[in-house]
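Peer 1: give me coordinates for this.
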Amino acid sequence: MSDEIILYPNPLLGDWLNFSDFVSVEIFNLQGLLLARYDHIKSIKTSLKKGIYILSISNEEYYLRKKLIKN
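Peer 2: Modelled structure (predicted):
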């Protein structure tokens, strides 16, 4: 595993979001509302509208937050 979990593509142009390792993910809007939660995934098909989102990403080694832009 690398030094950090990689999220790609970002910005997100389509619906598929990928991660460099198996992770659990929570997706929040900018108001802090939880929109979706996924466990032990390496890719997800989203139905996000254009905008900016905050992702909480975790696995056994890491917990981090990343900004996701959906175009």
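
Peer 1: contacting residues around the closest residue to Leu12 other than its chain neighbours?
Peer 2: Leaving aside its chain neighbours, Leu12 sits nearest to Lys70 (4.7 Å; criterion: CB to CB, 6 or more residues apart in numbering). In this view, the C-beta of every residue, glycine as well, is placed from N, C-alpha and C. Counting by CB atoms under 8 Å, 6 or more residues apart in numbering, Lys70 makes contact with Pro11, Leu12, Thr46, Leu48, Lys49, Lys50, Gly51, Ile52, Tyr53.

Peer 1: those, buried ones only, as a ChimeraX selection?
Peer 2: Selection of buried members from those for ChimeraX, criterion 16 or more other CB atoms under 10 Å:
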select :12,46,53
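
Peer 1: excluding its backbone neighbours, what's nearest Lys50?
Peer 2: Leaving aside its chain neighbours, Lys50 sits nearest to Lys70 (5.4 Å; criterion: CB to CB, 6+ apart).

Peer 1: so that neighbour bridges to which residues?
Peer 2: Note on Lys70: beta-bridge partners by DSSP bridges are Leu12, Gly51.

Peer 1: and stretch 52-65, what's buried?
Peer 2: Tyr53, Leu55, Ser56, Ile57.

Peer 1: identify the bridge partners of the last one.
Peer 2: Partner residues in beta bridges with Ile57, using DSSP bridges, are Val25, Leu64.

Peer 1: do you know how far it is from Asn29?
Peer 2: Remark: distance between Ile57 and Asn29 (CB to CB, to the nearest Å) = 16 Å.

Peer 1: low-confidence regions, the chain specifically.
Peer 2: Scanning the chain for pLDDT under 70 picks out 1-3.

Peer 1: can you give me the strands in it?
Peer 2: For the chain, the strands defined by DSSP state E occupy 7-8, 16-28, 34-45, 51-58, 63-70.

Peer 1: quick one: residues contacting the one residue sitting closest to the centre of the chain.
Peer 2: Nearest residue to the geometric centre of the chain (CA atoms, centre = their mean): Leu55, 4.7 Å. Taking CB under 8 Å, 6+ apart, we find Leu55 in contact with Leu7, Val25, Glu26, Ile27, Phe28, Arg65, Lys66, Lys67, Leu68.
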